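> Predicted coordinates and the sequence they were generated for:
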Protein chains: 2
Amino acid sequence: MGATKTDLFTKQQNDIAIMAKALAHPARIAILQYLVKKNACVCGDLVDELGLAQATTSQHLKELKTAGLIQGTIEGASVCYCINPKVWKQYQQLFAGFFKEVDLNGPSCC
Amino acid sequence: MGATKTDLFTKQQNDIAIMAKALAHPARIAILQYLVKKNACVCGDLVDELGLAQATTSQHLKELKTAGLIQGTIEGASVCYCINPKVWKQYQQLFAGFFKEVDLNGPSCC
DNA sequence: TTGTAATATCGCAATATTACGATGTGTTGT
DNA sequence: ACAACACATCGTAATATTGCGATATTACAA
């Protein structure tokens, strides 16, 4: 027990859940918003920007990288991070599509 | 350790993370999609629809109710669930807003 | 009233996530 | 070569989530 039963659901349902999970932590939202605000490659800063330990920050960055939302480029001794626009757009469309399919003026409930 | 340090982040960042967390499980996505597809009040069906045990399904329903995304109405011996359009719209706008703020044609990375 | 169906809740085991110190790895300056 | 810096990774503790059997709870039907 304890593990999510992914085999019970469609690939699309699992995909949406995985994407949502990537966004399901305020530190990761903060990282993404910071990168978006700067709209450029950001080296270093991130550990100072969040209040978290360096190891923790690095872990969140790794998860965002695994999700494809950001990319890191080695720039000398440090690493530069930025949004991956292609994947960002995919997320945007997936969520927009998911939320669009409801008839908001339909019957509410019994 | 172990607990998310919510005090380090803004209310908005925590809110987005909480909303994303509500969507971060395929069973909950499946429930929402089923309710959207039916576009109406659904009694019972849900436990059969997912392959999960009744207790587990009930738990996911509770989380969606806590998130405000669905509402349940007692209808005799059973409970009818449906999307809460108002909150659904809030989620839609929040995520749309979050994803919109990026200049997709901007510089990618160093 | 007694039984049954539909849900909710409790309690627990398995697993996943979050956080951080310590340590490793590669880079830059001296 | 060596110290200092920037990150990544490892190991581990704390906490959260997932899943389910067992047990309430409530509504209805016989």
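Perfect, I can see it now.
> Using the three-state scheme, assign the residue of chain A found nearest DNA strand C.
Going by CB to the nearest atom of the strand, DNA strand C is nearest to residue A:2 of chain A, at 2.0 Å. (Glycine included, C-beta is placed from N, CA and C.) Three-state assignment for residue A:2 (DSSP: H, G, I helix; E, B strand; the rest coil): coil.
> If I look at it, what pLDDT would I see?
Residue A:2 is assigned 77 on the pLDDT scale.
> cool, and residue A:8?
Looking at residue A:8, the pLDDT reads 95.
> so who does it touch?
B:26-27, B:50-52 (CB atoms under 8 Å, 6 or more residues apart in numbering or on different chains).
> now do residue A:25
Counted by CB under 8 Å, 6+ apart, residue A:25 has contacts A:60, B:4, B:17.
> Of these, which are in range of DNA strand D?
Among those, the ones lying near DNA strand D by CB under 7 Å from any atom of the strand are residue B:4.
> In chain A, where is pLDDT below threshold?
Within chain A, the ranges that satisfy pLDDT under 70 run A:1, A:101, A:103-110.
> and it, which residues reach DNA strand D?
A:1-5, A:43-44, A:47, A:54-55, A:58-59, A:61-62, A:72, A:77-79.
> Which stretches in chain A count as strands?
A:42-43, A:70-75, A:78-83 (DSSP state E).
> Dump those into CSV; add distance to residue A:36 and mean neighbour count as well.
Below are those laid out as CSV (distance: least, CB to CB, whole Å; neighbours: other CB atoms under 10 Å in any protein chain shown):
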stretch, distance to residue A:36, mean neighbour count
strand A:42-43, 10, 20
strand A:70-75, 10, 16
strand A:78-83, 6, 20
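> Mind putting those strands into TSV with distance to residue B:37?
Below are the strands of chain A laid out as TSV (distance: least, CB to CB, whole Å):
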stretch	distance to residue B:37
strand A:42-43	42
strand A:70-75	34
strand A:78-83	33
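> Now residue A:68. Nearest residue, chain neighbours left out?
Leaving aside its sequence neighbours, residue A:68 sits nearest to residue A:87 (CB to CB, 6 or more residues apart in numbering or on different chains; 4.0 Å).
> And the contacts of residue A:25, which is closest to residue B:100?
residue B:17 (18.1 Å; CB to CB).
> Please give me every residue in contact with the closest one.
Contacts of residue B:17 (CB under 8 Å, 6+ apart): A:23-26, A:28-29, B:9.
> Quick one: name the residues of chain A near DNA strand C.
A:1-4, A:21, A:24-25, A:27, A:52-56, A:59-60, A:63, A:76-77.
> List only buried entries from these.
Listed as buried from these are A:21, A:24-25, A:27, A:52, A:60, A:63; burial here means 16 or more other CB atoms under 10 Å in any protein chain shown.
> Provide the contact partners of stretch A:27-36 at residue level.
So stretch A:27-36 is contacted by A:22-23, A:42, A:45-46, A:49-50, A:52, A:56-57, A:60-61, A:63-64, A:69-70, A:81-83, B:5, B:8-10, B:13, B:16-17, B:20, B:98, B:101-102 (CB under 8 Å, 6+ apart).
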